[in-house]
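Novice: no sequence on this one, just coordinates:
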């Protein structure tokens, strides 16, 4: 039974523009919402209690930075804000604009202001402007010549000047979830006047292929309609027809650090399945497996340590295997290492001990070792007491003398506190035994 498409009034709050019914405009443009309430997936901003809704109700639209992944409505929201606030909408892209373009836009906004018109300047990819160009916005934002709405896919904390950020409110747009993508498909069907010729599984696959990008799913839906299939397409036929959207991953930007953090914390949390997923996400995104191998080796000594001393050996072996095999064969060595590390007993005792020892070293200056553990290769050094009283541990009971090896003037400190997991259980037993002997022989 064919799907019943919702009415365009239900979907858009107004009549669908003619381009949506077969005009020349791409479907993603033709179906662009004409009311903030029709923007999908961003209810925290444009819903009844959303930040932007309340801002418009107060009549106090601030300069904004819209931060979110591609295809979630940043440009649409900027256009609709200008319309609702009665501002002249001007759009530029930081990719194609320079200082001369900014100067011209600011001059035009100044002229409009003299005649009573105000300007909303939408800057797409605002993070592409350099620091000096970003500073150019400060005076015109400060004096109200423009209301700035910048769009960025990158973390504003890293990419935008602090001075500019202090004059703008940062709003985060969410990746479109499955329900939002399904609503966009329903809108596409309402605009086309027919249902998408897809099996239920293929329809779900289409949503997955969009990867949270509304523009991408509408572009793919347009290709499906253009194919004029007479029978519903299955998943294989859909994959042959449209290209899967590449997963978001920038090797030198925030997504890079987010995914390596997710991998690290999944292994620390002893979840091998989640760890494999994040590893796969990084490799599919084009990450250098050598970088991952280096981070995994760090994990072996930071989060496992002596709870499983073989973790470091396994890390170096997997790294070496990758160097010999390369991708894709060597990827399996990295995956095997991830499984080993995620399922190994965990201890950060060594990591914490070294940190504590460094802090102690920084705070105690250049104190010399105690004289009894110094070598005395010359007569003068022997006369000065070097080596006097040193107990050779192998000649003592239990091969343990219990002597002090800290500098004079420093109390003995226990930096390393094994946590009793994995191999550290045996280490803790030994240290406790030696501590008891030390007390007896003090």
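Specialist: Sure, I can see it. Predicted model, so just to flag it, every value in this text is computed and none were measured.
Novice: the residue lying closest to residue 118 once chain neighbours are set aside and residue 77: what is the separation?
Specialist: The shortest distance from residue 118 to any non-neighbouring residue, by C-beta to C-beta, 6 or more residues apart in numbering, is to residue 87 (5.1 Å). Yep, even glycine has a C-beta here, placed from its N, CA and C like the rest. Per C-beta to C-beta, to the nearest Å, residue 87 is found 13 Å from residue 77.
Novice: more neighbours: these two, which one.
Specialist: Neighbours per residue, other C-beta atoms under 10 Å: of residue 87 and residue 77, the larger number sits with residue 77, 25 against 19.
Novice: got phi/psi on the more buried one?
Specialist: Main-chain torsions, residue 77, degrees, to the nearest 10: phi -60, psi -40.
Novice: tell me the contacts of it?
Specialist: For residue 77, the contact set (C-beta atoms under 8 Å, 6 or more residues apart in numbering) comprises 36, 39, 42, 45-46, 52, 66, 173.
Novice: could you list the buried residues of the top helix by length along the chain?
Specialist: In the chain, with assignment by DSSP state H, the single longest helix is helix 424-441. By neighbour count with 16 or more other C-beta atoms under 10 Å, helix 424-441 contains the buried residues 424, 427-428, 437.
Novice: again with stretch 190-210
Specialist: Buried residues in stretch 190-210 (16+ other C-beta under 10 Å): 190-192, 195-198, 202-203, 205-207, 209-210.
Novice: same check, this time on stretch 264-280
Specialist: Across stretch 264-280, burial judged by 16+ other C-beta under 10 Å covers 264, 266-268, 272, 274-276, 278-279.
Novice: neighbours around residue 395, how many?
Specialist: By other C-beta under 10 Å, 8 other residues sit near residue 395.
Novice: so how far is residue 437 from it?
Specialist: With C-beta to C-beta as the criterion, residue 395 and residue 437 are 15 Å apart.
Novice: and residue 403, by the same measure?
Specialist: Distance from residue 403 to residue 437, counting by C-beta to C-beta: 11 Å.
Novice: one more: residue 178?
Specialist: Separation of residue 178 from residue 437 (C-beta to C-beta) stands at 64 Å.
Novice: same thing with residue 238?
Specialist: From residue 238 to residue 437 the distance is 72 Å (C-beta to C-beta).
Novice: among the contacts of residue 77, which ones are in strands?
Specialist: In this view, those that belong to strands under DSSP state E are residue 66.
Novice: which one of the contacts of residue 77 has the most neighbours?
Specialist: For these, the largest neighbour count, defined by other C-beta under 10 Å, is 29 neighbours, found at residue 66.
Novice: and it, what pLDDT?
Specialist: For residue 66, the model assigns a pLDDT of 95.
Novice: contacting residues for the nearest residue to it once chain neighbours are set aside?
Specialist: Spatial nearest neighbour of residue 66, chain neighbours left out: residue 74 (4.4 Å); criterion: C-beta to C-beta, 6+ apart. Taking C-beta under 8 Å, 6+ apart, we find residue 74 in contact with 66, 68, 124, 151, 173.
Novice: mind redoing it with 7 Å?
Specialist: Applying C-beta atoms under 7 Å, 6 or more residues apart in numbering to residue 74 gives the contacts 66, 68, 151, 173.
Novice: possible to save these as CSV with distance to residue 106?
Specialist: Output for those, formatted as CSV (distance: C-beta to C-beta, whole Å):
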residue, distance to residue 106
66, 21
68, 26
151, 19
173, 27
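Novice: of all those residues, which two lie farthest apart?
Specialist: Comparing all pairs in the contacts of residue 74 by C-beta to C-beta, the longest separation belongs to 151 and 173, at 9.0 Å.
Novice: what touches both of the two?
Specialist: Both residue 151 and residue 173 are in contact with 66, 74, where contact means C-beta under 7 Å, 6+ apart.
Novice: now the longest helix of the chain: mean pLDDT?
Specialist: In this model, helix 424-441 carries a mean pLDDT of 90.
Novice: same thing with stretch 149-163?
Specialist: In this model, stretch 149-163 has a mean pLDDT of 90.
Novice: kindly check the end-to-end length of it for me.
Specialist: End-to-end span of stretch 149-163 (C-alpha to C-alpha, to the nearest Å): 15 Å.
Novice: ok, and for that stretch, which residues are buried?
Specialist: Those would be 149-156, 159-161, for stretch 149-163 by 16+ other C-beta under 10 Å.
Novice: of the residues you listed, which is the nearest to residue 328?
Specialist: Checking the buried residues of stretch 149-163 against residue 328 with C-beta to C-beta, the nearest one is residue 153 at 28.7 Å.
Novice: how about the closest one, what does it touch?
Specialist: Residues in contact with residue 153, defined by C-beta under 7 Å, 6+ apart, are 69-70.
Novice: could you measure from it over to residue 51?
Specialist: As for residue 153, its distance to residue 51 is 20 Å (criterion: C-beta to C-beta).
Novice: kindly report the same for residue 166.
Specialist: 18 Å.
Novice: make sure residue 149 is indeed in a strand.
Specialist: Yes: Residue 149 sits within a strand when classified using DSSP: H, G, I helix; E, B strand; the rest coil.
Novice: quick check, it in contact with residue 62.
Specialist: No: assessed by C-beta atoms under 7 Å, residue 149 is found out of contact with residue 62, at 9.6 Å.
Novice: which intervals of the stretch 1-150 of the chain have sub-threshold pLDDT?
Specialist: Along the stretch 1-150 of the chain, the parts satisfying pLDDT under 70 run over 1-24.
Novice: run a quick neighbour tally on residue 233.
Specialist: Applying other C-beta under 10 Å, we find 22 residues neighbouring residue 233.
Novice: so what sits opposite it in the bridge?
Specialist: Beta-bridge partners recorded for residue 233 (DSSP bridges): residue 198.
Novice: and what of residue 152?
Specialist: residue 67.
Novice: please shift the residue numbers so they start at 22 in all later answers.
Specialist: Sure, I'll start numbering at 22, so the last one becomes residue 173.
Novice: roughly how far does it sit from residue 376?
Specialist: Residue 173 sits 36 Å away from residue 376, taking C-beta to C-beta as the criterion.
Novice: same check, this time on residue 67
Specialist: On the measure of C-beta to C-beta, residue 67 and residue 376 end up 47 Å apart.
Novice: what does residue 339 give?
Specialist: Residue 339 is 26 Å from residue 376, where distance means C-beta to C-beta.
Novice: go on, residue 228?
Specialist: Taking C-beta to C-beta, one finds residue 228 at 46 Å from residue 376.
Novice: please parse this structure into its domains.
Specialist: Using automatic domain parsing, the domain ranges for the chain come out as 63-193, 275-364, 390-462.
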